[in-house]
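Asks: Need coordinates for the below:
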Amino acid sequence: MPGGPVRDSGRVTAVPVPQPRSAAASAGEGSRRSLAAALLLGGVGATVVLLASGQIWAEGTAAVGGGSVSLDADGGDVTGVPTALAIVGLAALVAVFAVRSGGRMLVSALLALSGAGAAVAATLGASDSDALDEKAARTTGDAAATIDALTHTAWPYVTAAGGLLILLAGLLALRYGKQWPAMSGRYERDGSPRPRKTAVVDPDRPEDLWKALDRGEDPTREA
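Replies: From the prediction side, this is the model:
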């Protein structure tokens, strides 16, 4: 019978039975995996948003003096919301480790909302033509001028994908953030006064003796 005693020449030998991994070890491993995943998703997502927002989102032409001029608009011309929220998301991703308990949940929610907002703003900007219409008006000097042959690139959707990665990082932080380690206490200041160092008094130097007396110390007392 597996795992039971084995008789060997009249002796009974117990066969060791493999023990299942403890729940604490499994929880610790899951915490490390969720932490690594959140850092990766949040960092990559913010990078994608920042890079894709600087690319050309829309192109078109404007009629000028019987001819036409090509115009384009990058993500910053269309909307600055994804870039701003990506920066907020990065700050929230770092702040997750600097706060505890309820504060960590609030920062995690901010991280998730930043990603969702960036994705929504980029998706709405994918069909926007206002930025190019404004460029057409400035280029032609006609406030009523509009863009012709308008086309959009895939960069707004790449930006939205980056926002979704930030959102996933925030959801992981909301789900597993309570299990993640916090910033080490040695980097935090508790506000307690630091112990005052006692100056070393050299009895062979009169100036040290006078300074010790000025401080209210007994220069003849041994340290």
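Asks: For the protein, which segments count as helices?
Replies: Assigned by DSSP state H, the helices in the chain fall at 23-52, 75-78, 81-95, 101-125, 130-140, 155-176, 206-214.
Asks: for the record, mean pLDDT for the second one?
Replies: Okay, so that is helix 75-78. Averaged across helix 75-78, pLDDT comes to 93.
Asks: cool, stretch 46-53 as well?
Replies: For stretch 46-53, the mean pLDDT works out to 97.
Asks: how about that stretch: buried residues?
Replies: 46, 48-50, 52-53 (16 or more other C-beta atoms under 10 Å). The C-beta positions use only the backbone N, C-alpha and C, and glycine is treated the same way.
Asks: Equivalent analysis for stretch 66-78, please.
Replies: By neighbour count on 16+ other C-beta under 10 Å, the buried set for stretch 66-78 is 71, 73-75, 77-78.
Asks: same question, stretch 151-170
Replies: Neighbour-count burial for stretch 151-170 [16+ other C-beta under 10 Å]: 152-153, 155-170.
Asks: And for stretch 56-64?
Replies: By 16+ other C-beta under 10 Å, the buried positions in stretch 56-64 come out as 57-63.
Asks: Also stretch 80-91?
Replies: 81-86, 88-90.
Asks: cool, and stretch 112-126?
Replies: In stretch 112-126, counting by 16+ other C-beta under 10 Å, buried: 112-119, 121-122, 125-126.
Asks: Contacts made by that stretch with the rest, please.
Replies: 45, 49, 52-53, 57, 75, 78-79, 81-82, 85-86, 88-89, 92, 152, 156-157, 159-171, 173-174 (C-beta atoms under 8 Å, 6 or more residues apart in numbering).
Asks: before we move on, the earlier item: now render the buried residues of stretch 56-64 as JSON lines, adding pLDDT and distance to residue 37.
Replies: Conversion of these to JSON lines gives the following (pLDDT from 0 to 100; distance: C-beta to C-beta, whole Å):
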{"residue": "57", "pLDDT": "95", "distance to residue 37": "30"}
{"residue": "58", "pLDDT": "93", "distance to residue 37": "34"}
{"residue": "59", "pLDDT": "92", "distance to residue 37": "37"}
{"residue": "60", "pLDDT": "90", "distance to residue 37": "41"}
{"residue": "61", "pLDDT": "88", "distance to residue 37": "45"}
{"residue": "62", "pLDDT": "86", "distance to residue 37": "46"}
{"residue": "63", "pLDDT": "84", "distance to residue 37": "51"}
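Asks: quick one: which of the residues you listed is nearest to residue 38?
Replies: residue 57 (28.6 Å; C-beta to C-beta).
Asks: leaving aside the residues next to it on the chain, what's closest to residue 47?
Replies: residue 162 (7.4 Å; C-beta to C-beta, 6 or more residues apart in numbering).
Asks: correction: residue 71
Replies: Looking at residue 71 with C-beta to C-beta, 6+ apart, the closest residue is residue 135, at 4.9 Å.
Asks: go on, residue 158?
Replies: Spatial nearest neighbour of residue 158, chain neighbours left out: residue 52 (4.3 Å); criterion: C-beta to C-beta, 6+ apart.
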